[in-house]
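A.B. asks: return a 3D structure for these sequence lines:
(chains A and B)
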Amino acid sequence: MTVRVRMAPSPTGYLHVGTARTTLFNWLYARHNRGTFILRIDDTDQERSTQDFEDEILGSIRWLGLEWDEGVGAGGPHGTYRQSARLDRYAALARGLVESGHAYYDDRAPEELEGLRSQAQKEGKHPGHYIRRPAEVATSGAIRLSIPQDETVEFTDLIRGDLSFAPADIDDFVVLRSNGTPTYHLASTIDDIDYEITHVARGEDLLPSTPKHVLLTRALGHDEPVYAHLPLLFGTDGKPLSKRHGATALTAYREAGFLPEAVFNYLAILGWSPDGETTIFSREQAIATFDLVDVSRNPAAFDPEKLAWMNGEYVRAMDIVEFATRIRPHVEEAVGRELSGGEWATFNEIAPLVQERTKLLPEAGQQVVFLFTDLEGYDEQSWDKVMTKEGVGEVLEAGISALTDLDRWDAGSVEDALRALPARLGLGAGKTFQPLRVAVTGSAVSPPLFESIAALGRERSIERLQQARKELG
RNA sequence: GGUCCCGUCGUCCAGAGGCCCAGGACGCCGGCCUUUCAAGCCGGAAACGCCGGUUCGAAUCCGGUCGGGACUGCCA
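C.D. replies: Numbering: from 1, shown residues only, chains lettered A, B, ... in the order given. Down below sits the predicted model:
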């Protein structure tokens, strides 16, 4: 039997990192088993569903590299893979359920139902205990599934093991609303049957609904798929992941300059690992070893700091040409204009040094702005810390003459010339080089000094040293 | 309130009765390297929620307890 798994986002919001991880695990499971990964759109909620959200979700999934084999945009033998196109089918099957005696019409008023519920709660019982088929069944209204009371519902969860639910704790839930539209339970269950889904891996929040889906599937005359309920994602404080923990939309990470392969790796490590030692691994390695049964049962905290560290690992592991190419947009963004071919050549000279100290791509742009824009002043802290010291003026002057007399202009020559300064001035290396750094780059924090000066060029380097000398008064 | 799920360092993961006075990673602390910032290297602090039981032996099995979470809609 080939594995067929699906992801079924509702286009009513952005792709949440938790949903992204669920998608990732489904994808990994399909790839590991050489199965089929299906993408379906659960857009029964026409009010809240939008094309923009759908585009955003699909774009995010593609960005992560989780291509799907069947479904929206990819085609397949099951039509549009959009629930909004299948409303008639859901309604027809719901009515069939009434005919076969598995379901019944219910036209009781909301207030009446509410009364039954609060009564059940008052008595410490499950609402299902009261929301049952009335003696007098209606001939119209919503359609509820009738839960057989003589049998406990049992099924196996790949992650949690054998689970069982007492029928009294399952209410006769609505499958078709009185307006004829299906509930999530109905549409999702029918789709899983029609699309021949073999494994349903979803968030643990759906676990309490699973016995309903099992019963519904059986009432429809089929065997239920294998379920796997993934632990939910939390913040590092143990509270459910929300805005106050930072961005929860995957696109926010994309825009912040995270690499898709790093996000992929990080999401995978939330609730799973290939072994006890490995933290960084390729998608091929993940595919080779992934299995749903190995997924952790307890909730995982999404830690942006660890993600950032991991992103740095991926940035540094990147091929230098690729790195230089990928940060171009960020460099131009930081500089505020497009760069010329010559400027790119300059940039490429120090790109390897920038790469080493980059965690997020946009930071890389910040590191090189000094090369392509005029210095608009100095970083205040840097100035106070290094430029207000005794002897800074002499250092700058020595630097100016050392560079002016240079025959050749490259990092090595610049280094040779400047290395001689500390001894000549009777100062420590730091006392000599830091003032030069601040003068040339505007900050006490920058890429390595000699390479920076070499890349800046003789004329502009000396200009900046003179400018700083002037600022000193 | 009820049903269900979960419980190893601050965080993620490893551990499926002796290999564990618990291992790897992020973060943190200290050191080395060093002209800055990173990176790298070395070292350190840091956990089996609690109580019983089973067993020669328990992080691993059982029970209870406490704590956290999800669900409890004609939302998904």
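A.B. asks: what residues are up against the residue of chain A most remote from its centre?
C.D. replies: Of all residues in chain A, residue A:424 has its C-alpha farthest from the mean position, at 54.4 Å, by CA atoms, centre = their mean. Listed by CB atoms under 8 Å, 6 or more residues apart in numbering, the contact partners of residue A:424 are residue A:398. Quick note: C-beta positions are derived from backbone N, CA and C, even for glycine.
A.B. asks: Three-state assignment for it, please.
C.D. replies: helix (DSSP: H, G, I helix; E, B strand; the rest coil).
A.B. asks: ok, residue A:374 next?
C.D. replies: When classified by three-state DSSP, residue A:374 comes out as coil.
A.B. asks: and it, how far is that from residue A:463?
C.D. replies: 10 Å (CB to CB, to the nearest Å).
A.B. asks: residue A:473 now?
C.D. replies: 18 Å.
A.B. asks: same deal with residue A:336?
C.D. replies: Look at residue A:336 and residue A:463: by CB to CB, they are 21 Å apart.
A.B. asks: those two: who's more crowded?
C.D. replies: More neighbours surround residue A:463 than the other of residue A:336 and residue A:463, with 16 against 9 (other CB atoms under 10 Å).
A.B. asks: the more buried one: which element?
C.D. replies: helix A:458-472 (DSSP states H and E).
A.B. asks: check which residues of that helix are buried.
C.D. replies: Residues A:460, A:461, A:462, A:463, A:464, A:465, A:468, A:469 are the ones in helix A:458-472 that count as buried (16 or more other CB atoms under 10 Å).
A.B. asks: ok, now stretch A:103-111?
C.D. replies: Neighbour counts using 16+ other CB under 10 Å place A:103, A:104, A:105, A:106 of stretch A:103-111 among the buried residues.
A.B. asks: do the same with stretch A:118-125
C.D. replies: Within stretch A:118-125, the residues scored as buried using 16+ other CB under 10 Å are residue A:120.
A.B. asks: contact partners of that stretch?
C.D. replies: A:126, A:127, A:128, A:129, A:130.
A.B. asks: near RNA strand B, list only the ones from those residues.
C.D. replies: A:126, A:127 (CB under 7 Å from any atom of the strand).
A.B. asks: give me the pLDDT for residue A:58.
C.D. replies: Note on residue A:58: pLDDT of 96.
A.B. asks: quick one: residues contacting it.
C.D. replies: A:39, A:72, A:73.
A.B. asks: which among those end up buried?
C.D. replies: The buried subset of the contacts of residue A:58 - by 16+ other CB under 10 Å - is A:39, A:72.
A.B. asks: looking at the contacts of residue A:58, which one is closest to residue A:211?
C.D. replies: Comparing the contacts of residue A:58 against residue A:211 with CB to CB places residue A:39 closest, at 26.3 Å.
A.B. asks: ok, what's across the strand from the closest one?
C.D. replies: For residue A:39, the beta-bridge assignment (DSSP bridges) gives partners residue A:7, residue A:71.
A.B. asks: touching, it and residue A:68? I think so.
C.D. replies: Yes: Residue A:39 is in contact with residue A:68 according to CB atoms under 8 Å; the separation is 4.0 Å.
A.B. asks: and the helices in the stretch 101-250 of chain A, which stretches?
C.D. replies: Along the stretch 101-250 of chain A, the segments classed as helices by DSSP state H, counting those that start in this stretch run A:110-122, A:184-194, A:210-219, A:250-255.
A.B. asks: dump those helices into TSV; add distance to residue A:411 as well.
C.D. replies: Formatted as TSV, these follow (distance: least, CB to CB, whole Å):
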stretch	distance to residue A:411
helix A:110-122	75
helix A:184-194	62
helix A:210-219	64
helix A:250-255	34
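A.B. asks: dump those into JSON lines; add mean pLDDT and distance to RNA strand B as well.
C.D. replies: Formatted as JSON lines, those follow (pLDDT from 0 to 100; distance: least, CB to the nearest atom of the strand, whole Å):
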{"stretch": "helix A:110-122", "mean pLDDT": "86", "distance to RNA strand B": "5"}
{"stretch": "helix A:184-194", "mean pLDDT": "97", "distance to RNA strand B": "3"}
{"stretch": "helix A:210-219", "mean pLDDT": "97", "distance to RNA strand B": "8"}
{"stretch": "helix A:250-255", "mean pLDDT": "94", "distance to RNA strand B": "15"}
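A.B. asks: can you tell me which of these comes nearest to residue A:146?
C.D. replies: helix A:210-219 (8.5 Å).
A.B. asks: which residues touch that closest one?
C.D. replies: Under CB under 8 Å, 6+ apart, the answer for helix A:210-219 is A:97, A:100, A:102-103, A:145, A:147-148, A:153, A:155, A:157, A:163, A:165, A:170, A:173, A:175, A:185-186, A:188-189, A:192-193, A:223-225, A:227, A:229.
A.B. asks: what separates it from the chain centre, distance-wise?
C.D. replies: Relative to its parent chain, helix A:210-219 has a centroid offset of 32 Å by CA atoms, centre = their mean, to the nearest Å.
A.B. asks: so it versus helix A:184-194, what angle?
C.D. replies: 50 degrees (axes from the mean of the first three to the mean of the last three CA atoms, to 10 degrees).
A.B. asks: can you say which of the contacts of helix A:210-219 are buried?
C.D. replies: For the contacts of helix A:210-219, a burial check counting by 16+ other CB under 10 Å picks out A:97, A:102-103, A:145, A:147, A:153, A:155, A:157, A:163, A:165, A:170, A:173, A:175, A:185-186, A:188-189, A:192-193, A:224-225, A:227, A:229.
A.B. asks: that concludes my questions; thank you for your assistance.
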